[in-house]
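Novice: no sequence on this one, just coordinates:
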């Protein structure tokens with residue numbers, strides 16, 4: 001079993017391995033690296049998006065575009081859309097079907113991980129960690 005010692009510098013691949021070894025033993029990665037979801041649990045019928053945050057927030061951001069795509073794909077296959085975030089204080093799992101998300105426009109970088117500083121308006125919602133199942 002993988003133990004996580006420093007959640008602040010956790011990367012998605014580490015989160016995936018931890019979840020596969022400790023929570024979803026049948027977890028498989030998405031075949032397409034640009035997919036709207038990162039991994040899938042056939043046993044739980046769950047499509048999962050992973051996010052690793054270096055700072056702990058009481059509310060965690062989700063883009064509406066990502067949310068809508070996950071909901072649509074999961075409805076098509078009767079899957080459960082899960083959004084799993086790690087922060088320095090834990091790992092939080094949101095079942096997107098159980099949330100009433102309020103959306104707002106916010107100026108954010110066009111791409112977070114691919115460089116560049118161009119900002120655009122993105123429609124986003126904030127998920128309160130009190131609405132999540134705490135995995136760790």
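Specialist: Thanks, I have it. Fair warning: this is a prediction, and the values are worked out from it, not measured in the lab.
Novice: so in this protein, where's the weakest helix or strand by average pLDDT?
Specialist: strand 103-109 (a mean of 92; mean pLDDT, DSSP states H and E).
Novice: now it, how far from the centre of its chain.
Specialist: 18 Å (C-alpha atoms, centre = their mean, to the nearest Å).
Novice: packing partners for the following helix or strand past that strand?
Specialist: Scanning forward in sequence from strand 103-109 by DSSP states H and E, the next helix or strand is strand 119-128. Under the contact definition 3 or more C-beta pairs under 8 Å, 6 or more residues apart in numbering; DSSP states H and E, strand 119-128 sits against strand 59-63, helix 64-77, strand 103-109. Every C-beta, even on glycine, is put in place using the N, C-alpha and C of the backbone.
Novice: for strand 119-128, the distance to its chain's centre please.
Specialist: Here the centre of strand 119-128 is set off from its chain's centre by 14 Å, with C-alpha atoms, centre = their mean.
Novice: residues making contact with it?
Specialist: Residues from elsewhere that reach strand 119-128 (C-beta atoms under 8 Å, 6 or more residues apart in numbering): 58-65, 67, 83, 94, 99, 101-110.
Novice: which residues touch the least confident helix or strand of the chain?
Specialist: 64, 116, 117, 118, 119, 120, 121, 122, 123, 124, 125.
Novice: can you do 10 Å?
Specialist: 61-64, 67, 115-126 (C-beta atoms under 10 Å, 6 or more residues apart in numbering).
Novice: just the buried subset of these, please.
Specialist: If you count burial by 16 or more other C-beta atoms under 10 Å, the buried members of these come out as 62, 63, 67, 122, 124, 125.
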